[in-house]
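> here's a sequence, model it:
(2 chains)
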Amino acid sequence: MTTELLDPVHEGQKYAIRITNTSKKGTVLLIVGWVPKQAHVVPDSKTVSVAAAAPTVEVTGTVPPFADARRMTVVASLDDGETATIELLENGVSKNLEDITETTVWEMVVDTVAP
Amino acid sequence: MIGRALGFAVALLLAPRLAAADQCEKVIVDALADCKLAADDKAALAKMTADEQANAVALNAEIAALERKPLYPYCRGINLNTKTCDTLASAISTQVTVDLGQKKPLADAAFKEAVKGKTPADRQTSTNKSGSSAQAEPVEAIQPITLAGGSVTLAGTRSGTKGVGTITVNPLAIAEPDGAVLGRIFDVSVSAPFDLDSGVNQGTRYFSARLRLNATAPISAAPLQAAVDKWLQAEGAYADSLQTVLEKAPDPKTCAESVAKTHAVTKDACGQDLGVDAVTKERKVAFDEIEKARRAADRYYLGIDARIDTGDPTGTIIVGDKGTHVLGGVAAGTRIPQGSLWDWELRGRAAGDYFMSRDAVAGSDPKAIYSFDWGVAFILSGRLKEDAKQRLAFGVGVEGRQASDKDEAKAQFAPTNYANLNLMAIVPATSGGDLGLAVSIPLVDSVVPRGTIVSLSTDLGLLDHTSTN
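The predicted structure follows:
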């Protein structure tokens, strides 16, 4: 399993996580969740499963307020031998695109928007 | 005067926090400066020839030294607008895997496109023709179809050659294609036979509908969701505590670097200890649940098989079966992978069947016939090559139905009290779909014998995930 800390995401911005199961067989699970700050309320995590050869699945939403959320956490869970491609977009702009061969966790700090 | 006093009080309250934020800001700014220097050095190195790179000893040494710095793996994550202990805690409380190697792309676009076009979805389901003369599989699964499908079957029966058209739709999967759970819950099928010899007439008018409801989908998602949310809460609580530690640390840089390097908060580096047991435990529980959920996805099912049929499925040659059937029961199955190509599958069903005859032979005031309906089957399915889209499947099973009142069922010539041996072979068809050959041989025939039924069906595959992109 690999955990990576990627570029921050920014409160109030639209995000999208795209995942494609490029394996020939098996299910890839994608979980998108938020680490809360000081017990503030954050959106519930979202889980999708993607079968082999399924079309690219996209999970979208709005980054919660800086006061509420510390991090965005994305887990792509793969079985041995499976492969997948995941991409993070903020406001339609790709911020990270990766081909993965093992379970991968992406962490992004929730930041304020630049003044 | 009061305003000034209030302002002074607020300033006093905020002062320690601002001061703490400042000391973390410096940690972030210094680390980012190292990140930028490393990036500039690498860019400079990249512009050199291979010989120059080999001779740039000092530059390589500086890059190596910068990469060894504890906060280097966090370079991307700390490129923040708000540089405070709050955001620093959010960043360094992650359990980042330190890997300085360059990730290589695994699959180019052409490969991905080829994979998408040629491989089948793992969940191999088909249109639901259970219980009709069009049934291809020895016992139909209740795993819902991926999106929608259609099939046409020719069935050679004692009463002639029948055609059966079936359409199966998974409405939730169509409405919510991204859902992990919704698309696995249920589908609905309608079938209508047509008589190839004489077309549809009043004597053969028949309609059937099937519902298969897979209860394992919502059940398996609940513990996963709960474990993930609990883990994220624990991560938040740990980062909250780390923020406080950083704000109070005698030297926040030493503390932050120690945490980044060891993933532990120690008194030596930070002025106080902070346990990570809670977050480590919840993280493990969550990942165990994720693993379980992924492995379980579509390998097991347990749910409801419901059918309603009305009319005369066989016409006037076979008496006694004109009427209305309502069947409801439970069905379960498990798929056991045998390597990457083949799977064994075990299926079973137990149900209650209600039959109200409208056949003239049953008399003017027939009684309802209640039967126990059952079936078990083994199926071997798979592909000859990993890149084959179409599957092969071979199955054998036994299905039967026994009435609670055998004498009444016999008197009405009701379609019950039988057991059939069902054999199946599904082979690839040139169209990209598949062809199914099924033979149903009576082990114990009904009071009005049906004889052996041979069916040839093709799945049209109107919609599946491979055709919706």
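> quick check, central residue of chain A?
The residue lying closest to the centre of chain A (C-alpha atoms, centre = their mean) is residue A:74, at 3.4 Å.
> what are the phi and psi angles of that one?
Dihedral pair for residue A:74: phi -120, psi 120, per degrees, to the nearest 10.
> that one and residue B:157, how far apart?
Taking C-beta to C-beta, to the nearest Å as the measure, residue A:74 falls 55 Å from residue B:157. From N, CA and C alone the C-beta is placed, and that goes for glycine too.
> check contacts around the residue nearest to the centre of chain A.
By C-beta atoms under 8 Å, 6 or more residues apart in numbering or on different chains, residue A:74 lies in contact with A:17, A:30-32, A:86, A:88, A:105-108.
> mind doing that once more with 6 Å?
Going by C-beta atoms under 6 Å, 6 or more residues apart in numbering or on different chains, residue A:74 touches A:17, A:32, A:106.
> kindly report the same for residue B:245.
Residue B:245 makes contact with B:265, B:270, B:274, according to C-beta under 6 Å, 6+ apart.
> give me the low-pLDDT residue ranges for chain A?
Within chain A, the set of residues satisfying pLDDT under 70 comprises A:24-25, A:52-54.
> so which residues on it come close to chain B?
Listed as neighbours of chain B in chain A under the rule C-beta under 6 Å from any C-beta of the partner chain: A:2-3, A:5-8, A:22, A:24-27, A:29, A:31, A:33, A:35-36, A:38, A:45, A:47-49, A:51-55, A:57, A:70-71, A:77, A:83, A:99, A:107, A:109, A:111-112, A:114.
> element containing residue B:41?
Applying DSSP states H and E as the criterion places residue B:41 in helix B:2-46.
> run a quick neighbour tally on residue B:452.
15 (other C-beta atoms under 10 Å in any protein chain shown).
> test my guess that it contacts residue B:441.
Yes. Here residue B:452 lies in contact with residue B:441, judged by C-beta atoms under 6 Å, at a distance of 5.1 Å.
> and for residue B:135, nearest residue in space, chain neighbours not counted?
Nearest residue to residue B:135, sequence neighbours excluded (C-beta to C-beta, 6 or more residues apart in numbering or on different chains): residue B:129, at 4.8 Å.
> residues near residue 26, how many?
Let's take chain A. By other C-beta under 10 Å, the residues close to residue A:26 number 23.
> you answered for a different chain; I wanted chain B.
12.
> work out for me the element the residue nearest to it when sequence neighbours are not counted sits within.
In this structure, residue B:26 finds its nearest non-sequential neighbour in residue B:253, 7.4 Å apart by C-beta to C-beta, 6+ apart. Per DSSP H and E: residue B:253 is located in helix B:252-262.
> now the contacts of residue A:74 as JSON lines including distance to residue B:206?
Listed next are those as JSON lines, based on distance: C-beta to C-beta, whole Å:
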{"residue": "A:17", "distance to residue B:206": "48"}
{"residue": "A:32", "distance to residue B:206": "48"}
{"residue": "A:106", "distance to residue B:206": "55"}
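> return the subset of the residues you listed lying in helices.
Nothing among the contacts of residue A:74 maps onto helices, per DSSP state H.
> sorry, back to before: mean confidence for the helix holding residue B:253?
For helix B:252-262, mean pLDDT is 92.
> good, wrapping up.
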